[in-house]
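J.: 3D model of this:
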Amino acid sequence: MLEVKPQTAPEPARSDSQSGLSIAEAARRTGVSVHTLRYYERAGLVVTTIDRTDGGWRRYHQLDLDWIVVCTKLRATGMPIKAIRRYAQLVSAGHGNEQERLALMEAHRADVIAKLAEIQENLKVIDHKIDVYRGRLAAGDADQLWAPNRQAAAR
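T.: Alright, predicted model coming up:
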């Protein structure tokens, strides 16, 4: 995952905007659409300014790709865009707000755990229905399963 680690050697500068990946290649590597990449940038969800070539074409670097993956995971787990934007702002601001970042992640984790519990309960109902159908089909009396009375509904 994306983490800031102390560097022992200086990282190559991002100013060589001719290097990096095209938006199409970045989309392929991150598993999101070109449209989504543009949206993330417009919505303020990225933590760095995406480099551009002299011709204005976007150029993505590994840090950009790593961050986009984080955003997609947060979004896939139900984090609202507003919260992702806030998280991106905190990360972009740098040191000094780690406690707020932690609180944001802990709150989202609690939400995800609650959703997982709800999904587990829903899965129990689905599993029960599957068991009923399998049992009735095996017993040969599936025609005995409840179905709404269509004639009564027509009255």
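
J.: and stretch 63-73, what's its mean pLDDT?
T.: Average pLDDT, stretch 63-73: 96.

J.: quick one, strands of this protein?
T.: Using DSSP state E, the strands of the chain run over 51-52, 58-59.

J.: show me the residues around Leu37 that make contact.
T.: 23, 26-27, 30, 58, 60, 68 (Cβ atoms under 8 Å, 6 or more residues apart in numbering). C-betas here are computed from N, CA, C, even on glycine.

J.: Can I get these in a markdown table including neighbour count and distance to Gln144?
T.: Output for those, formatted as a markdown table (neighbours: other Cβ atoms under 10 Å; distance: Cβ to Cβ, whole Å):
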| residue | neighbour count | distance to Gln144 |
| --- | --- | --- |
| Ile23 | 18 | 58 |
| Ala26 | 21 | 56 |
| Ala27 | 19 | 52 |
| Thr30 | 21 | 51 |
| Arg58 | 20 | 61 |
| Tyr60 | 23 | 59 |
| Ile68 | 25 | 53 |
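
J.: Need the max-distance pair from these.
T.: The span of the contacts of Leu37, defined through Cβ to Cβ, is set by Thr30 and Arg58 at 12.9 Å.

J.: how about the strands of the chain in TSV, adding distance to Ala83 and mean pLDDT?
T.: As requested, the strands of the chain are arranged in TSV below (distance: least, Cβ to Cβ, whole Å; pLDDT from 0 to 100):
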stretch	distance to Ala83	mean pLDDT
strand 51-52	26	94
strand 58-59	25	96
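
J.: Poorly predicted segments of this protein, please.
T.: Along the chain, the model assigns pLDDT under 70 to residues 1-18, 150-155.

J.: quick check: longest helix of it.
T.: helix 98-139 (DSSP state H).

J.: No further queries at this time; thank you.
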